[in-house]
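Colleague: Sequence and predicted model, in that order:
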Amino acid sequence: MIDVRDLTVRFGGGRSAVTAVAGVSFRVAEGESFALVGESGSGKSTVLRAISGLNPDWTGRVLVGGAEQGRRRTAAFHKAVQMVFQDPYGSLHPRHTVDRILAEPVAIQRLGDAERRIERALEEVGLGGGFRFRYPHQLSGGQRQRIAIARALILEPRVLLLDEPTSALDLSVQAEILNLLRRLRAERGLTLLLVTHNLAIVSLMCERLAVMQAGRIVETMDVADLRRGEAADGYTRHLIEASRGYRRVTSA
């Protein structure tokens, strides 16, 4: 479903140019859930923005559903590929009601029956019709992220790009959103590309992952190997060890 080949992203020019992504390649099968992991600044979110079309300044090849993507994306691409952002407080327009937020992509894509689509989208993310005419400031963080997911789902996409979708939420709310995404993936046969630094989330959500460091993929592995702690690269082993938390040290 997703085929990225030798993707390179640079910012700036001349001596001040920064290579944020350097020759990244990976594939995600249809219906698979795949993660890009690594520390902050490793380039994983930049990869997602290039795939989504938000950052048009890249080189390499990006194919989605077998179709090669250029710098500009078609309306059909944006219907098939939707993105959920990290910050539910910043990704929703503060002066628009939930109804308007969900109606906008339907209008842009010139789809019919907006009423039915809005009702269905809210139902799928566990929110009733009573939320339709609320504003984002009247919602909790978890409810806002559910609205963001509903906005992505309302176009019935084949692919969801998830950029740290739970990192701004409390732990209990994180679990609710992750369970929601797992259920929606199963019901709709979605392909998920998840960006995160949290290996516990990867273990719960994904089948495979690629580990990024300084703009490059240093290792691609199965989640089963991740759970066993069987990593070939030293940086990956360091991430796994760090994810286990600090060991308590007691005096003799």
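Modeller: Thanks, I have it.
Colleague: avg pLDDT for stretch 194-211?
Modeller: Mean per-residue pLDDT for stretch 194-211: 95.
Colleague: List the buried residues of it.
Modeller: Of the residues in stretch 194-211, those with enough neighbours to count as buried (16 or more other CB atoms under 10 Å) are 194-199, 201-202, 205-211. Quick note: C-beta positions are derived from backbone N, CA and C, even for glycine.
Colleague: Which pair of those spans the longest distance?
Modeller: Within those, 197 and 207 form the most distant pair, 18.7 Å apart (CB to CB).
Colleague: list the helices and strands the strand or helix carrying residue 160 packs on?
Modeller: Under the criterion of DSSP states H and E, residue 160 resides in strand 159-163. Under the contact definition 3 or more CB pairs under 8 Å, 6 or more residues apart in numbering; DSSP states H and E, strand 159-163 sits against helix 44-52, strand 81-84, helix 171-188, strand 191-196.
Colleague: Centre of the chain to the first one, how far?
Modeller: Centre-to-centre, helix 44-52 and its host chain are 9 Å apart (CA atoms, centre = their mean, to the nearest Å).
Colleague: now the helices: where do they sit in the stretch 101-250 of the chain?
Modeller: 114-124, 141-153, 171-188, 199-205, 223-228, 234-243 (DSSP state H, counting those that start in this stretch).
Colleague: Assign the closest residue to residue 189 other than its chain neighbours to helix, strand or coil.
Modeller: With CB to CB, 6 or more residues apart in numbering as the criterion, residue 189 has its nearest non-adjacent residue at 5.4 Å, and that residue is residue 31. State at residue 31, reduced to three classes by DSSP: H, G, I helix; E, B strand; the rest coil: coil.
Colleague: Run a quick neighbour tally on residue 31.
Modeller: Burial of residue 31, expressed as a neighbour count using other CB atoms under 10 Å, amounts to 15.
Colleague: try the one 4 residues further on
Modeller: Applying the criterion other CB under 10 Å, we find 27 residues in the vicinity of residue 35.
Colleague: Next one: it from residue 96, what distance?
Modeller: 31 Å (CB to CB, to the nearest Å).
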